[in-house]
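Peer 1: Task: produce atomic coordinates for the following.
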Amino acid sequence: MTVSLCIIAYNEDKVIKNLLSQVLSQTYPKNKTEIVLVDSNSQDNTKKLFTDFCAEYKHQYIDIKVLDNKKQSQAAGWNTAIKNAVGDIIIRLDAHAEIPQNFIENNVKLIQSGESVCGGARPSIVDEPTPTKEMLFLAESSMFGSSIAGYRRESTEKKYVSSLFHGAYRREVFEKVGGFNEDLGRTEDNELHYRIRQAGYKICQGSDIISYQHTRGTLSGMLKQKFGNGKWIGLTIGVCPKCLSLFHFVPFCFVAALILFSVFAVVGAVVGMTWLEIPLYALLLLYALADLTMTALAIIPSKKHPVQLLLPFVFFMLHFSYGLGTVVGLIQLPFWKHSLDGSAQREIENVKQCVKKNSNKIPEDS
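Peer 2: Here you go, the predicted structure:
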């Protein structure tokens with residue numbers, strides 16, 4: 001089967017060289033592989049690295065395409081790649097990723113076994129082992145600090161899941177369900193995978209497929225990421241509430257309860273009803289116990305460093321940032337003008353047509 005490996009990037013010249021070298025070392029035949037590189041109007045050397053890679057190695061592959069994503073959003077970038085891909089299998093790969101040599105090969109084997117959508121575990125890694133980055137890595141790797149999603153941790157069993165990162169898709173899947181909803185920011189993959197499941201496909205997480213994602217290297221960057229994730233959870237309620245799970249709203253419930261019980265405590269102090277402070281103290285006590293327990297579980301197997309003592313506070317900031325983002329998203333929802341002209345739906349249909357059109361465009365010499 002022919003494969004289109006798609007990479008979307010924006011200002012990723014610090015990591016893209018390493019990823020492209022890993023693409024070159026793949027065990028799957030290059031004459032059965034197409035590389036689709038999409039630049040989202042980067043302001044650094046990302047596009048130059050793409051074009052240089054294309055010029056040097058294009059003759060080894062079915063093709064190497066360097067495309068522009070003028071809309072810059074992640075969803076628009078993936079749609080650009082899908083519309084131009086010609087492979088039997090389309091693989092999505094983030095620029096901040098790392099992959100082993102058998103990544104493509106193992107995905108193809110699982111697709112050939114009868115699956116239509118597959119992928120593997122995608123644990124986090126650090127780009128350099130500084131104490132601060134290692135501490136942030138512990139926060140991101142912990143179920144308490146990130147999520148319960150199975151793909152975030154290594155797995156030795158084959159199972160069916162609701163969503164995954166770095167997925168491989170039979171072309172027919174996009175012919176049937178179309179592309180990504182460009183109205184969405186951080187939840188475009190949740191919404192696409194919901195439509196895929198509604199169309200009758202299963203999403204398989206293979207036992208021998210793995211890829212890695214670089215965790216954010218600064219606390220401010222991680223907090224910004226969590227706030228954005230939470231905000232898009234709130235906004236996605238207005239587009240596709242069924243593509244979200246209850247677990248997406250746990251930080252929101254925590255922040256909402258914290259705000260509500262704080263109001264109770266203030267009112268209780270003003271009117272002399274001190275018992276109204278009890279819910280706040282109970283919430284903080286339960287959270288502190290959970291926070292300290294999960295911190296200990298994260299630190300025990302790691303290399304110890306004093307900076308890890310900040311981990312309980314980092315957990316709290318991550319949860320509060322995510323939950324506050326959801327609060328902001330829900331507040332903005334009534335004023336968020338999405339799909340008023342049907343542009344997102346037209347783009348989804350456009351992807352369907354482009355995928356069908358490119359179905360038989362494999363060059364004869366490949």
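Peer 1: Next one: the residue of the chain most remote from its centre, what pLDDT does it get?
Peer 2: Residue farthest from the centre of the chain, counting by Cα atoms, centre = their mean, is G272 at 48.4 Å. Looking at G272, its pLDDT reads 83.
Peer 1: before we move on, what about S339?
Peer 2: pLDDT, S339: 57.
Peer 1: Repeat that for the one 5 residues further on.
Peer 2: Here the pLDDT value assigned to A344 is 81.
Peer 1: neighbouring contacts of the helix or strand hosting it?
Peer 2: For A344, the enclosing helix or strand under DSSP states H and E is helix 343-357. Helix 343-357 is touched from outside by 76, 79, 82-85, 171, 174-183, 338-339, with contacts defined as Cβ atoms under 8 Å, 6 or more residues apart in numbering. The C-beta positions use only the backbone N, C-alpha and C, and glycine is treated the same way.
Peer 1: Please spell out which residues along that helix are buried.
Peer 2: Within helix 343-357, the residues that qualify as buried are A344, E347, I348, V351, K352, C354, V355, counting by 16 or more other Cβ atoms under 10 Å.
Peer 1: Under the pLDDT cut-off, which ranges of the stretch 251-366 of the chain? List them.
Peer 2: Regions of the stretch 251-366 of the chain meeting the criterion pLDDT under 70 cover residues 337-341, 362-366.
Peer 1: Please repeat the previous calculation with a cut-off of 50.
Peer 2: Under the criterion of pLDDT under 50, the regions of the stretch 251-366 of the chain flagged as low confidence span 366.
Peer 1: Now do the same contact list for G179.
Peer 2: With contacts taken as Cβ under 8 Å, 6+ apart, G179 has the following neighbours: A75, W78, N79, I82, K83, L192, E347, I348, N350, V351, K352.
Peer 1: can we see that at 6 Å?
Peer 2: Contacts here follow Cβ atoms under 6 Å, 6 or more residues apart in numbering; on that basis G179 touches N79, I82, I348, V351.
Peer 1: quick check, it in a strand?
Peer 2: No. When DSSP: H, G, I helix; E, B strand; the rest coil is applied, G179 is found to be coil, with no strand at that position.
Peer 1: quick one: it and I196, what's the gap?
Peer 2: Using Cβ to Cβ, to the nearest Å, we find G179 at a distance of 11 Å from I196.
Peer 1: again with V266
Peer 2: For V266, the distance to I196 (Cβ to Cβ) stands at 47 Å.
Peer 1: buried sites along stretch 19-34?
Peer 2: When neighbours are counted by 16+ other Cβ under 10 Å, the buried residues of stretch 19-34 are found to be L19, L20, Q22, V23, Q26, Y28, P29, K30, K32, T33, E34.
Peer 1: tell me the mean pLDDT over it?
Peer 2: The predicted confidence, averaged over stretch 19-34, sits at 96.
Peer 1: picking up where we left off before, just the buried members of the contacts of helix 343-357?
Peer 2: With neighbours counted by 16+ other Cβ under 10 Å, the contacts of helix 343-357 contain buried members at 76, 79, 82-85, 171, 174, 176-183.
Peer 1: farthest-separated two in the residues you listed?
Peer 2: The most widely separated members of those are R171 and D183, with 24.2 Å between them, by Cβ to Cβ.
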